[in-house]
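In: Structure for this input, please:
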Amino acid sequence: MRCAHGMPFGATLQPGGGVQFRLWGPAARQAQVALYGHQGSTPKLVDAVVDAQGWWEARVPQAGAGQLYHWRIDGELMVPDPASRHNPHGVDGPSVVTDPEAFDWGADWTGRPWHEVVLYELHVGAFTPEGTFAAAAGRLQELRELGITAVELMPLAGFPGGFGWGYDGVLAFAPHAAYGSPDDLKRFVQAAHGLGLMVFLDVVYNHFGPQGNYLHRYAPQFFHPERSSPWGAAINFDGEGSRWVREFFIHNALYWTTEFRVDGLRLDAVHAIADESRPHVLEELSRRVRQATAGRHVHLVLENENNNYQRLATGAQPGSYDGQWNDDFHHALHVALTGETQGYYHDYGHTPGEEPLDLLGRSLTHGMLFEDSRRKPGGAREEPRPTPAVPLSSLVNFAHNHDQVGNRAFGERLAVLAGPDAAPLATLLALLTPAVPMLFLGEEWGSTTPWLYFADWDGDLKAAVQEGRQREFGHASKSVDGRALELPDPCSRATFDASRPDARERESGTGRAWLAMVGSALQARRRWIVPRQAQLLTGRHTFQRVGQRGLAVQWRYQDAQVLALEINLGAEPLQVDPQRAGPVEPQEVFGHRWPQSTAAGTWPAWAARWRIGAEITL
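Out: Residues are numbered from 1 along each chain as shown. Below you'll find the model as predicted:
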């Protein structure tokens, strides 16, 4: 099977030979295609013609796959194609014409349903020492054996330099060159599918990065003249000229899900996408992806700091989204285990009438906690208000992700912050609830390697980022063996290298114990939770506080069965009076540090057990 996504822009091979080059540049006075015989050679210039909408077009009969080219704007500025499929020489270098039909996918793959999703978030550059798609493909088997069903790749869109998180991409259609070629990425996806693994991709449709972005020069309509985002100029989805801006990003979603056959997209920070037109661009994107991928399981996931839930719907309905990251679960869990209440943890430690464990219990049973309230500069919400209950199976729960670890001065994980007794419980809580679980790079073996912010900027931007980190985190301090640590330089390759999980930890006794724990938990999930997802109720789940550090949680199903969790998040055993409510003759699903010989009414320290059974009717 071969597939290519047709687009109204970019370089397209013609059936009879040659290449059609198209660029939307309504502010350009002149546009030419600069064709190179090889990198660094003197280009041959071919004039493009423009239509009334600002589309520049040139057909070059002698060009073909492998052709290097720039667009030359107004006779002075060389820019890569913004719809380049391949930019091997960096985001300022020439683009390369590719033949997407040349890749043979082999057997068809229709994916896996949403209720089977177990995500593993990884950064291609940090996942292996080589930092390539090819090397990452070699480690997929171990993830599959662990019980992972889907890998989620941090953004791949071409970004400046050799290393970075990927959220400042400027070439939305070109996989980052340091990771490999487009065909290397396709081989990675193909290898994953051969193992029964889905591939999700993190995409950024709320801004372009600040370096290597030339759109302001010839297509300023990409940016809204009256809006901004936290990361720069806001994308124009509803103003003058927005038609082709919308098409650019919708085609990007179609490109990844059809030409690269990825099984899911996670849309970054959609709260920063402003669109007052109808239909909203998110609705239109979902509808068109659903249409283009009919017959396949393709999943769409949102990150929305404002916790708006109205776009969530089960059954992959046109215009809807399958899931949404649940920061509230992470924040409530983090505060309950660490006691930190600064920044965006403020609301989870200072909510009137509710202790951190109450908020954690409510998140486990209710889903999201606070809806649609903007954050003040210090991180607290202006008017935190409760959300209604949402289907738990529409939420993605995690104890770690790239943001919540990397937005710390020293990038500490819970294994360091909460300690070796508490950290396993955090991961288990993410894995064994009706929500979709996600593990973060190295979490499967309890990695203590920090995850730091890194970006390979240069010049004035490099200095500005370094100074910004000092302003934000210069007050933070940390020492190891009595030696004070300096704030890591975000633009140093050493910082990137220090963020790669240490594989030696994986082979240690602790690492092997973590792997066994995670594998057993995911096996229990497959057996007891996944088959029952269709029967899960909404708004009927409950929890009770038990002592100072205990929680009893009950998730209910249509057939009157209850999945019950009893957990002690404290260093001392709990003595618990017999309770009338709960499952009858429960079948144990999973236990952690809870021996079967434990006396009735005693909850061991740092222990949890999950059980399932019929509910008592009082």
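
In: what ranges of the stretch 1-150 of the chain fall below the confidence cut-off?
Out: Scanning the stretch 1-150 of the chain for pLDDT under 70 picks out nothing.

In: should've said the stretch 351-500 of the chain
Out: Across the stretch 351-500 of the chain, the ranges flagged by pLDDT under 70 are 372-385, 477, 479-482.

In: Would you confirm that Gly511 belongs to a helix?
Out: Yes: counting by DSSP: H, G, I helix; E, B strand; the rest coil, Gly511 is part of a helix.

In: Pretty sure it sits against Gly446.
Out: Yes: with contacts counted by C-beta atoms under 8 Å, Gly511 reaches Gly446, the gap being 6.4 Å. (Glycine included, C-beta is placed from N, CA and C.)

In: And those two? Which one has more around it.
Out: Using other C-beta atoms under 10 Å as the criterion, Gly511 and Gly446 rank with Gly446 on top: 24 against 20.

In: For the closest residue to the more buried one other than its chain neighbours, grab phi and psi.
Out: Spatial nearest neighbour of Gly446, excluding adjacent residues (C-beta to C-beta, 6 or more residues apart in numbering): Trp514 at 3.9 Å. Trp514 has phi and psi values of phi -60, psi -50 when expressed as degrees, to the nearest 10.

In: Show the pLDDT at the nearest residue to Trp256 once chain neighbours are set aside.
Out: Leaving aside its sequence neighbours, Trp256 sits nearest to Val262 (C-beta to C-beta, 6+ apart; 5.0 Å). If you check Val262, the pLDDT there is 98.

In: ok, Val262 - how many residues close by?
Out: So Val262, with other C-beta under 10 Å, has 26 neighbours.

In: How about the contacts made by it?
Out: Residues in contact with Val262 (C-beta atoms under 8 Å, 6 or more residues apart in numbering) are 189, 199-201, 256, 298.

In: Recalculate using a threshold of 6 Å.
Out: Contacts here follow C-beta atoms under 6 Å, 6 or more residues apart in numbering; on that basis Val262 touches 199, 201, 256.

In: so which of those residues comes closest to Gln62?
Out: Of all these, Gln62 sits closest to Trp256, with 30.8 Å by C-beta to C-beta.

In: correct me, but that closest one touches Leu201?
Out: Yes: using C-beta atoms under 6 Å, Trp256 is in contact with Leu201, at 5.5 Å.

In: Among the two, which residue is more densely surrounded?
Out: Taking neighbours as other C-beta under 10 Å, Trp256 and Leu201 compare with Trp256 leading, 27 against 23.

In: ok so that one is a helix residue?
Out: Yes: counting by three-state DSSP, Trp256 is part of a helix.

In: State the distance from it to Ser277.
Out: Separation of Trp256 from Ser277 (C-beta to C-beta, to the nearest Å) stands at 24 Å.

In: now Ala494
Out: Distance of Ala494 to Ser277, computed by C-beta to C-beta: 46 Å.

In: Ser508 too?
Out: Using C-beta to C-beta, one obtains 55 Å as the distance from Ser508 to Ser277.

In: just Trp114 next, same as before
Out: 29 Å.

In: out of those two, which sits in the busier spot?
Out: Ranked by neighbour count (other C-beta under 10 Å), Trp114 and Ser277 place Trp114 first, with 21 against 12.

In: Please enumerate the strands of the stretch 451-600 of the chain.
Out: 479-480, 483-484, 542-546, 550-556, 561-568, 574-575, 583-592 (DSSP state E, counting those that start in this stretch).

In: how long is stretch 592-604 from one end to the other?
Out: This stretch, stretch 592-604, spans 10 Å end to end (C-alpha to C-alpha, to the nearest Å).

In: Tell me the buried residues in that stretch?
Out: By neighbour count with 16 or more other C-beta atoms under 10 Å, stretch 592-604 contains the buried residues 592-594, 603-604.

In: Farthest pair within those residues?
Out: Longest span within the buried residues of stretch 592-604, C-beta to C-beta: His592 and Trp603, 11.7 Å.

In: okay, which residue is most central for the protein?
Out: Asp202 (4.7 Å; C-alpha atoms, centre = their mean).

In: Surely that one is in a helix?
Out: No: under three-state DSSP, Asp202 sits outside any helix and is assigned strand.

In: Look up how far Gly106 lies from it.
Out: Counting by C-beta to C-beta - Asp202 and Gly106 are separated by 26 Å.

In: Trp445 against Arg506, yeah?
Out: Yes: Trp445 is in contact with Arg506 according to C-beta under 6 Å; the separation is 4.4 Å.

In: Look at those two and report which has more neighbours.
Out: Neighbours per residue, other C-beta under 10 Å: of Trp445 and Arg506, the larger number sits with Trp445, 24 against 18.

In: Which residue comes closest to the more buried one once chain neighbours are left out?
Out: According to C-beta to C-beta, 6+ apart, the nearest residue to Trp445 is Gly511 (3.9 Å).

In: give the contact list for Ala600.
Out: Under the criterion of C-beta under 6 Å, 6+ apart, Ala600 has no neighbours.

In: Now it: phi and psi?
Out: Dihedral angles of Ala600 (phi, psi; degrees, to the nearest 10) stand at phi -60, psi 140.

In: Now do it against Gly16, distance only.
Out: 80 Å.
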